[in-house]
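Novice: Sequence and predicted structure are below.
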Amino acid sequence: MNKIDFLCIGAHPDDCEIAMGGTIAKMVSQGYKVMILDLTNGEPTPMGTPEKRMKEAKKAAEILGVDRITLDLKNRFLFDSLEARFKVASVIRKYKPEVIFCHFELDAHPDHIQAFNISYASRFYSKLTKVPLEGQSWYPKRIIRFFSNHLRINVTPSFVVDISDFIEKKIESCKAYESQFNAFNVEDYIRTFASYWGLLARTRYAEPFYLHEILLLDPSSLLV
């Protein structure tokens, strides 16, 4: 894969699937090139191993129809460092996404907060000249936050995406992570979360997103 349209950055394998798996599946169905970038391998966890987690992540990516890159930054010790910024900026320069999706900056999980900081800074670092990075400078048009599930706060999203036709594929991709959800009803959680946002948007299932920058819309989208 060369140039892509959307780069989805998560702290751990399964973060992007849980937060925006339906949107990823929808974008792929519309012909867009999408990549998931995991900053860490997500291990250690109580029931997982690095080998098992990578096998699950590969399966989840295949279900959604996307390519996946997993960096070697440290789970539980993730920190917004120059090293981390350079690694992510290098991926941005190589694949030149138009839009980045990443964690929302308010979260109970320290890795998620750091993942946002890294993503946000790397978008800027990617456009810099005279820095020790390969490839030409590149600046994605916008960076959009997805919502994780560790902090139960009331945030009004900038927009939601209708995933009614892709809820089953999202659930299937999340269920690929058997080591993470063996004692948790992930399907019930996903349906409840998506139906809440769908209800507010007058559809069956939806996923919420937030961004600071102004979103340009065509008037036709207001009639949906």
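Specialist: That came through, no problem.
Novice: looking at this protein, which residue ends up farthest from its center?
Specialist: Checked against the mean C-alpha position of the chain, the extreme residue using Cα atoms, centre = their mean is residue 130, at a distance of 29.3 Å.
Novice: That residue belongs to a helix?
Specialist: No. The secondary structure assignment for residue 130 gives coil rather than a helix, going by DSSP: H, G, I helix; E, B strand; the rest coil.
Novice: Quick one: the helices in the chain, in order.
Specialist: Along the chain, counting by DSSP state H, helices occupy 15-29, 50-64, 82-95, 110-125, 167-175, 178-181, 186-200.
Novice: Can you mark which positions in the fifth one are buried?
Specialist: Read that as helix 167-175. By 16 or more other Cβ atoms under 10 Å, the buried positions in helix 167-175 come out as 167, 169, 170, 171, 172, 173, 174, 175. (C-beta placed from N, C-alpha, C; glycine too.)
Novice: OK, contacts around the second one?
Specialist: Taking Cβ atoms under 8 Å, 6 or more residues apart in numbering, we find residue 169 in contact with 21, 22, 25, 63, 64.
Novice: Would you convert these into CSV that also reports pLDDT?
Specialist: As requested, these are exported to CSV (pLDDT from 0 to 100):
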residue, pLDDT
21, 98
22, 98
25, 98
63, 98
64, 98
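Novice: Now for those residues: which two are most distant?
Specialist: 22 and 63 (11.9 Å; Cβ to Cβ).
Novice: residue ranges with poor pLDDT in this structure?
Specialist: In the predicted model, the chain carries pLDDT under 70 at residues 1.
Novice: Ok, which of the helices of the chain comes nearest residue 101?
Specialist: When the helices of the chain are ranked by proximity to residue 101, the top entry is helix 15-29, at 6.2 Å, counting by Cβ to Cβ.
Novice: List phi and psi for the residue farthest from the centre of the chain.
Specialist: When read as degrees, to the nearest 10, the backbone of residue 130 gives phi 60, psi 40.
Novice: What of residue 45?
Specialist: Backbone torsions for residue 45, taken as degrees, to the nearest 10, come to phi -140, psi 160.
Novice: Contact partners for it?
Specialist: Applying Cβ under 8 Å, 6+ apart as the definition, the contact partners of residue 45 turn out to be 53, 179, 180.
Novice: Can you name the residues that contact residue 117?
Specialist: 80, 105.
Novice: What's the separation between it and residue 187?
Specialist: 32 Å (Cβ to Cβ, to the nearest Å).
Novice: now residue 19
Specialist: When Cβ to Cβ is applied, the distance between residue 19 and residue 187 equals 16 Å.
Novice: Among those two, which residue is more densely surrounded?
Specialist: When residue 19 and residue 187 are compared for neighbours, residue 19 comes out ahead with 27 against 16, by other Cβ atoms under 10 Å.
Novice: for the more buried one, what are its contacts?
Specialist: Taking Cβ under 8 Å, 6+ apart as the test, what residue 19 contacts is 10, 103, 146, 147, 148, 149, 207.
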